[in-house]
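[1] let me see the structure of the following:
(chains A, B and C)
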Amino acid sequence: MSNIDLDNLNEEQKKAVLYNEGPLLILAGAGSGKTKVLTTKIAYLIEELDISPYEILAITFTNKAALEMRERVDKMIGSVAKYIQISTFHSFGLKILRENYDKLGYSNNFVIMDSDDSLTIVKKILKNLNYDPKIYNPKAIRNKISNCKNELISPKDYERYIASDYENVVSEVYYKYEDKLKKNNAMDFDDLLLLPITLFRKHPEVLQRYQERYKYILIDEYQDTNEAQYILSKMISAKYKNICVVGDADQAIYGFRGANYKNILNFEKDYPNALSIKLEQNYRSTKTILDAANCVIKNNEKRKEKNLWSTKGEGDKITYYRAYDEKDESHYAAMEIKKLLDSGKDASDIAILYRTNAQSRVIEEELLKDNIPYRIVGGFSFYQRKEIKDLLAYLKLIFNPKDDVSFLRVINTPKRGIGLRTIEHLTEKADKEGISLFEAIDGGKEEKFKDLIISLQKVAESVTLTELIDKVLDSTGMKAELESEKSIESEVRLENLEEFKSITKAFEERMGLVSLEDFLYEVSLVNDKDEYKDSRHKVSLMTIHSVKGLEYDIVFVLGLEEGIFPHRNSLMSASETEEERRLCYVAITRAKEKLYLLNARRRVLFGEDSINPPSRFISEIDESLIDSNTKKTEEVKHINKEDVIRDEDVDYKVGDYVVHEHFGAGKVVDVTNSLVSVAFKHPYGVKKLMKNHKSLTKV
DNA sequence: CTGCGTGGCATTTTT
DNA sequence: TGCCACGCAG
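    As a prediction, the model looks like this:
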């Protein structure tokens, strides 16, 4: 009769799928099949209850999760899935704003500032006000402003609670910051949540339209919603109250970003007639892994008891390895992975998790040495590269010349002899007349720049996006500058720009002809282009925050040391330490079959040796679950090392061409005692390698 | 105005 | 360790 199979759901899951009129709370423990429930529910609404896909709004935590959810629904009910609004809160907010910008006093070419742009603005404001950035940390202030916006605290509201000089400065900056965004016809990330709420409060008739349209609302990872997201979902669901939220308070890990896990605890108070369903059967992990997770999480005081159970067997014990230092730690992981791969495991079933992005480098180096293919999820994105940001700034400026941040980024890129003095002049004039920097240009060598942008605006009207990019690279001199530089660095940059063009091309093919506008809005929200990259047969490396919602057969958690994980900055507050513990819970519960917990006796931090005791989370795990055999592994390490190391060093010079077994051809850019830095083709980039490693040959 | 050298300082986690 | 801000010379 239909493609929706309810028989492979358990009773509770089935109940959750079938209950669709009125508020529903699904408390879904780790690995309890909540994505399956959500996707089946959506399919059921459309296929069985004949609900139009246009009337369904599904909110996920990341763009990747949205993509995956759409694919899974598509598999069940086919291509109508594309009409469902499945997105993150931020993209949904942007959609609303693109439909209503005028009612908030913006014009149609508003731009989105990323958090780097926000920081730039804050820095500039502090400078203008003559505040010492050493006392008034720009990042801290930006975060403070962001938190305010996520809690719907306006500059006016904030001003009322000022209790110190410091807060006074924050208040002053906050006012100016908001002012600056508005003048630039720009919004920041937080505005994408905040402004829709402002809109709905000012224009109830607009809100009504959205309430009428989205009759069925589903929200995933509800424990990580912040105040703005909470209010927004409440507003839109207020009429029909068909709101289904899914989450697990034990997995709340975004408190630092203003998320409030109490939103999920309070759901039944918000909706007294809500049905609440608990999914407690874990289908993912072995009993050993689940037990370990429970051992850790039960140490949190502020927590509701929960009873996750599994029918899977005991499985392997957890391996705990206390390494000598961070290199040894990574090396141990690499050796274990090698064994796993040799025994037939696929690399894509293995993940290495860590607390901070900075830890990834050492791990990468070890994996490189041992020729283990990997990919990094999240982390430093393609879009944060200088040349890409420059190009994007040009595109943004073409789209919206009032964008002063982009203006300042490119006015002298490449060098046009426009320096500080000119800019000061321009700023003064712009401030006095209340216009943008671009508009303030009147004569001088800046005039040429103005003409350039204006002519590119004309070009933009008649060519495709990819053609426009070519034009920008040519006419601004960006390309010429990089080509004349003839360094490895500049070659890599040129390749990145080419890669960027292939992204826009793919975008154009996927969506038909695409406007600059559509593209800019898309890239402003998707910062991890590697998501599209091939992940087959590669070990995944990522922070624990990034691994949320994913699962792997084999999981390595590294850096389990006091000060690293739990992170030192969290140790001052009990609630933050509890969040670290939830993070640990998330890490452990990602593993299906086998878990490795690693740490290092000593580790180089800030270029200094530091010695850290093992993480408290290790001692919280029952000893009977752990198999600790450090000695044995140290022997393994020794034997394996000889397999891959040559006896004598090869003499490398900068400029030499080399071939690597995995990365292919490359050029030597730097040489130290035992290491060479080699620039490989995209996507590999510059890698540090051991001179005497077998995988590398001089040509 | 640009380029280079020095010294101080910092790293949590991300839509 | 490596990045950024600042100061100085050309």
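[2] could you look up the SS state of A:V17?
    helix (DSSP: H, G, I helix; E, B strand; the rest coil).
[3] show me the shaky parts of the stretch 451-600 of chain A.
    Under the criterion pLDDT under 70, the flagged ranges of the stretch 451-600 of chain A are A:527-534.
[4] which residues of it lie near DNA strand B?
    A:525, A:527-528, A:542-543, A:545-546, A:567, A:569-570, A:576 (Cβ under 7 Å from any atom of the strand). (Glycine included, C-beta is placed from N, CA and C.)
[5] in helices, which of the residues you listed appear?
    Counting by DSSP state H, these place A:525, A:545-546, A:576 in helices.
[6] quick one: those residues as CSV, columns for distance to A:L67 and neighbour count too.
    Listed next are those as CSV, based on distance: Cβ to Cβ, whole Å; neighbours: other Cβ atoms under 10 Å:
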residue, distance to A:L67, neighbour count
A:L525, 12, 17
A:H545, 18, 18
A:S546, 15, 19
A:E576, 32, 16
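[7] and of those, the nearest to A:D224?
    Checking those against A:D224 with Cβ to Cβ, the nearest one is A:H545 at 10.2 Å.
[8] for chain A, give the residue positioned nearest to DNA strand B.
    Here the residue of chain A nearest DNA strand B is A:G419; by Cβ to the nearest atom of the strand that distance is 2.2 Å.
[9] please work out how many residues are found near that residue.
    Neighbour count of A:G419, defined by other Cβ atoms under 10 Å: 11.
[10] hang on, isn't it packed against A:L426?
    No. Using Cβ atoms under 8 Å, A:G419 makes no contact with A:L426, being 11.3 Å away.
[11] ok, the residue of chain A closest to DNA strand B - contacts?
    Contact analysis of A:G419 by Cβ atoms under 8 Å, 6 or more residues apart in numbering lists A:N412.
[12] which parts of chain A sit against DNA strand C?
    Residues of chain A found near DNA strand C (Cβ under 7 Å from any atom of the strand) are A:123, A:133, A:604, A:606-607.
[13] hmm, back to that, state the distance from the residue of chain A closest to DNA strand B to A:E485.
    Distance from A:G419 to A:E485, counting by Cβ to Cβ, to the nearest Å: 21 Å.
[14] now A:Y596
    For A:Y596, the distance to A:E485 (Cβ to Cβ) stands at 44 Å.
[15] between those two, which has more neighbouring residues?
    A:Y596 (21 against 13).
[16] burial count for the spatially closest residue to that one that is not a sequence neighbour?
    Once flanking residues are discounted, A:Y596 sits nearest to A:F556: 4.4 Å by Cβ to Cβ, 6 or more residues apart in numbering. By other Cβ under 10 Å, 29 other residues sit near A:F556.
[17] ditto for the one 3 residues further on
    By the criterion of other Cβ under 10 Å, A:G559 has 24 neighbours.
[18] of the ones in helices among the residues of the stretch 451-600 of chain A next to DNA strand B, which is the nearest to A:N147?
    A:E576 (14.2 Å).
[19] check contacts around the closest one.
    A:255-256, A:569-570.
[20] at 7 Å instead, please
    Counting by Cβ atoms under 7 Å, 6 or more residues apart in numbering, A:E576 makes contact with A:S570.
[21] how close does it get to A:L550?
    Distance from A:E576 to A:L550, by Cβ to Cβ: 24 Å.
[22] next one: A:R385
    26 Å.
[23] cool, A:I145 as well?
    Distance from A:I145 to A:L550, by Cβ to Cβ: 32 Å.
[24] more neighbours: which of those two?
    A:I145 (24 against 16).
[25] what sits closest to the more buried one if chain neighbours are left out?
    Distance criterion Cβ to Cβ, 6+ apart; nearest residue to A:I145, sequence neighbours excluded, is A:Y174 at 5.2 Å.
[26] confirm the one you found sits in a helix?
    Yes. When three-state DSSP is applied, A:Y174 is found to be in a helix.
[27] quick check: it vs DNA strand C, distance?
    21 Å (Cβ to the nearest atom of the strand, to the nearest Å).
[28] swap in A:T422?
    From A:T422 to DNA strand C the distance is 15 Å (Cβ to the nearest atom of the strand).
[29] next one: the helix or strand containing that residue to chain centre, how far?
    Per DSSP states H and E, A:T422 falls inside helix A:420-433. Chain-centre distance of helix A:420-433: 36 Å, with Cα atoms, centre = their mean, to the nearest Å.
[30] in it, what's buried?
    By neighbour count on 16 or more other Cβ atoms under 10 Å, the buried set for helix A:420-433 is A:422-423, A:426-427, A:430.
[31] name the nearest of those relative to A:Y332.
    A:I423 (52.3 Å).
[32] helices of the stretch 451-600 of chain A, residue ranges please.
    Along the stretch 451-600 of chain A, counting by DSSP state H, counting those that start in this stretch, helices occupy A:465-475, A:478-485, A:488-511, A:516-525, A:544-547, A:574-589.
[33] what is the shortest one packed up against?
    What it means is helix A:544-547. For helix A:544-547, the elements it packs on are strand A:350-354, helix A:574-589, judged by 3 or more Cβ pairs under 7 Å, 6 or more residues apart in numbering; DSSP states H and E.
[34] and if we set it to 6 Å?
    Using 3 or more Cβ pairs under 6 Å, 6 or more residues apart in numbering; DSSP states H and E as the contact test, the elements touching helix A:544-547 are helix A:574-589.
[35] A helix includes A:M187, no?
    No. Using three-state DSSP, the secondary structure at A:M187 is strand, not a helix.
[36] phi first, then psi, for the closest residue to DNA strand C within chain A.
    At 2.5 Å from DNA strand C, A:G607 is the closest residue in chain A, using Cβ to the nearest atom of the strand. When read as degrees, to the nearest 10, the backbone of A:G607 gives phi 70, psi 10.
[37] got the residues of the stretch 51-200 of chain A near DNA strand B?
    A:61-63, A:88-91, A:115, A:134, A:137, A:139, A:189.
[38] check contacts around A:I26.
    A:16, A:246, A:277 (Cβ atoms under 6 Å, 6 or more residues apart in numbering).
[39] what do you get if the cut-off is 7 Å, keeping everything else the same?
    Counting by Cβ under 7 Å, 6+ apart, A:I26 touches A:16, A:34, A:37, A:244, A:246, A:277, A:279.
[40] residues near the last one, how many?
    Think A:L279. 25.
[41] equivalent analysis for the second one, please.
    Neighbour count for A:K34, taken as other Cβ under 10 Å: 22.
[42] doesn't A:A333 fall inside a strand?
    No. Assessed with three-state DSSP, A:A333 is helix; it does not lie in a strand.
[43] you'd agree it is up against A:L598?
    Yes. Judged on Cβ atoms under 7 Å, A:A333 makes contact with A:L598 at a distance of 6.3 Å.
[44] so A:V668, which state does it fall into?
    Applying three-state DSSP: A:V668 is strand.
[45] same question for A:L97.
    Quick answer, by three-state DSSP: A:L97 is helix.
[46] what's the burial count for the closest residue to it other than its chain neighbours?
    Excluding the flanking residues, the one nearest A:L97 by Cβ to Cβ, 6+ apart is A:L195, at 5.8 Å. For A:L195, the count of nearby residues is 23 (other Cβ under 10 Å).
[47] OK, contacts around A:L195?
    A:97, A:104, A:187.
[48] who wins for neighbours among the residues you listed?
    Busiest of those [other Cβ under 10 Å] is A:M187, holding 23 neighbours.
[49] residue ranges with poor pLDDT in chain A?
    In chain A, residues with pLDDT under 70: A:1-2, A:527-534, A:629-649, A:662-663, A:672-675, A:681-688, A:692-694.
[50] past the top strand by length along chain A, which element shows up next along the chain?
    What stands out as the longest strand in chain A, according to DSSP state E, is strand A:591-605. The helix or strand immediately downstream of strand A:591-605 is strand A:608-611, counting by DSSP H and E.
[51] after that following strand comes which helix or strand?
    From strand A:608-611, the next helix or strand downstream (DSSP H and E) is helix A:616-620.
[52] so what does that following helix touch, helix or strand wise?
    helix A:287-297.
[53] dump the helix it packs on to CSV, restricted to CA.
    What follows is helix A:287-297 as a C-alpha-only set of coordinates in CSV (Å, rounded to 0.1, in the frame of the first residue of the first chain):
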residue,chain,number,x,y,z
LYS,A,287,26.9,-3.0,26.2
THR,A,288,30.4,-2.2,27.2
ILE,A,289,30.3,1.2,25.4
LEU,A,290,26.9,2.0,26.7
ASP,A,291,27.9,1.2,30.3
ALA,A,292,31.0,3.4,30.0
ALA,A,293,28.8,6.3,28.8
ASN,A,294,26.5,5.8,31.7
CYS,A,295,29.4,5.7,34.2
VAL,A,296,30.5,9.1,33.0
ILE,A,297,27.2,10.9,32.7
